[in-house]
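Engineer: would you be able to build a 3D model of this:
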Amino acid sequence: MHKQTDCCPMDSSSSGVGRRTVLKTALSVAAVGLAAGMGGVESAYAAALSKSERDKLTPDQIIESLKQGNRRFRLGKMLPHDYLTQKRATAGGQYPAAVILSCIDSRAPAEIILDTRIGDTFNARIAGNIANEDLIGSLEFACVAAGAKVILVMGHTGCGAIKGAIDHVELGNLTGLLAKIRPAVDETQYAGDRSSKNNEFVDAVAKTNVRRTIDAIRNGSNVLAPMEKDGKVRIVGAMYHLNGGVVEFFV
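Structural biologist: Numbering: from 1, shown residues only. Okay, here's the model as predicted:
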């Protein structure tokens, strides 16, 4: 959907320049749009994914589109977002291609760092990006009921929840949450300083924790596991690097 705008008359010379500018802009948007994944060139102009576009995509194409979105974010070349138009386009229904389980950290908003639109992804956020029964149930809804084809578990560097687990922090209900992360601390092989003051160790634990969350999803859902085995869904991990903005994908 395009907004109508008033324009001033222009002579043939300025009109030609205007047409060339519009064409250059359109080609640029198409080039950096969702052609590699979410729906082809047409979706670069669309306000939201349609069901037919989403259903044509493979999990690998969706993952690639998320990678390209992060690349645009890092380069400062994000797609122009008309959120009001996206809101209107998705009010009657949604066809997300992926579901992202990430941390609540204010510096790691998945929709922004992956340059997605309203309606492109389900987003679940919890400190330390862990997966309990309720979150796994939400992932099952996203994939089985709503048709998402990718589950992305995304941790990040400098994670406070990871530091809290390393330090055995106890604070109300947070105590039980951090206890779920603690096994990742013990399982992380690291020969240096194993304290929360060592950023390298903290990030190594965060990566282990992402892998443990993926295992928890696979082992905790008799619905998602066969879908992954049949290739209908891919479950992948990633780490978002606060310095530089790179989302590092891994299996």
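Engineer: and L101, what does it touch?
Structural biologist: Counting by C-beta atoms under 8 Å, 6 or more residues apart in numbering, L101 touches 124-126, 129, 131, 135, 139, 151-154, 213. Every C-beta, even on glycine, is put in place using the N, C-alpha and C of the backbone.
Engineer: SS state for it?
Structural biologist: strand (DSSP: H, G, I helix; E, B strand; the rest coil).
Engineer: quickly list what it is bridged to.
Structural biologist: For L101, the beta-bridge assignment (DSSP bridges) gives partners A124, V153.
Engineer: please apply the same query to Y240.
Structural biologist: When assigned by DSSP bridges, Y240 has beta-bridge partners H156, V247.
Engineer: tell me how many other residues surround it.
Structural biologist: The number of residues packed near Y240 is 26, by other C-beta atoms under 10 Å.
Engineer: could you do the one 3 residues further on as well?
Structural biologist: Taking other C-beta under 10 Å as the neighbour definition, N243 ends up with a count of 8.
Engineer: how much space separates the closest residue to it other than its chain neighbours from K163?
Structural biologist: Once flanking residues are discounted, N243 sits nearest to T157: 7.2 Å by C-beta to C-beta, 6 or more residues apart in numbering. Using C-beta to C-beta, to the nearest Å, we find T157 at a distance of 11 Å from K163.
Engineer: go on, D60?
Structural biologist: Distance of D60 to K163, given as C-beta to C-beta: 34 Å.
Engineer: before we move on, back to that, for the residue nearest to N243, give me its contacts.
Structural biologist: Taking C-beta under 8 Å, 6+ apart, we find T157 in contact with 199, 202-203, 206, 239-243.
Engineer: what does N70 show for phi and psi?
Structural biologist: Backbone geometry at N70, expressed as degrees, to the nearest 10, gives phi -70, psi -40.
Engineer: just to revisit the earlier point, which residues are common contacts for T157 and K163?
Structural biologist: Common contact partners of T157 and K163 (C-beta under 8 Å, 6+ apart): V202.
Engineer: picking that back up, tell me the confidence at the residue nearest to N243?
Structural biologist: Confidence at T157, expressed as pLDDT, is 98.
Engineer: swap in A97?
Structural biologist: Confidence for A97, expressed as pLDDT, is 98.
Engineer: also the one 5 residues further on?
Structural biologist: The confidence metric pLDDT takes the value 98 at S102.
Engineer: that one: neighbouring residues, count only.
Structural biologist: When neighbours are counted by other C-beta under 10 Å, S102 registers 24.
Engineer: mind listing what it touches?
Structural biologist: By C-beta under 8 Å, 6+ apart, the residues touching S102 are 108, 110, 123-125, 129, 152-156, 240.
Engineer: which parts of stretch 59-78 are buried?
Structural biologist: Across stretch 59-78, burial judged by 16 or more other C-beta atoms under 10 Å covers 59, 61-66, 68-71, 73-74.
Engineer: in helices, which of those appear?
Structural biologist: If you go by DSSP state H, the buried residues of stretch 59-78 have 59, 61-66, 68-71, 73-74 in helices.
Engineer: dump those residues to JSON lines, plus distance to P80 and pLDDT.
Structural biologist: Formatted as JSON lines, these follow (distance: C-beta to C-beta, whole Å; pLDDT from 0 to 100):
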{"residue": "P59", "distance to P80": "27", "pLDDT": "98"}
{"residue": "Q61", "distance to P80": "22", "pLDDT": "97"}
{"residue": "I62", "distance to P80": "22", "pLDDT": "98"}
{"residue": "I63", "distance to P80": "24", "pLDDT": "98"}
{"residue": "E64", "distance to P80": "21", "pLDDT": "97"}
{"residue": "S65", "distance to P80": "17", "pLDDT": "97"}
{"residue": "L66", "distance to P80": "19", "pLDDT": "98"}
{"residue": "Q68", "distance to P80": "16", "pLDDT": "97"}
{"residue": "G69", "distance to P80": "14", "pLDDT": "97"}
{"residue": "N70", "distance to P80": "17", "pLDDT": "98"}
{"residue": "R71", "distance to P80": "16", "pLDDT": "98"}
{"residue": "F73", "distance to P80": "14", "pLDDT": "98"}
{"residue": "R74", "distance to P80": "17", "pLDDT": "98"}
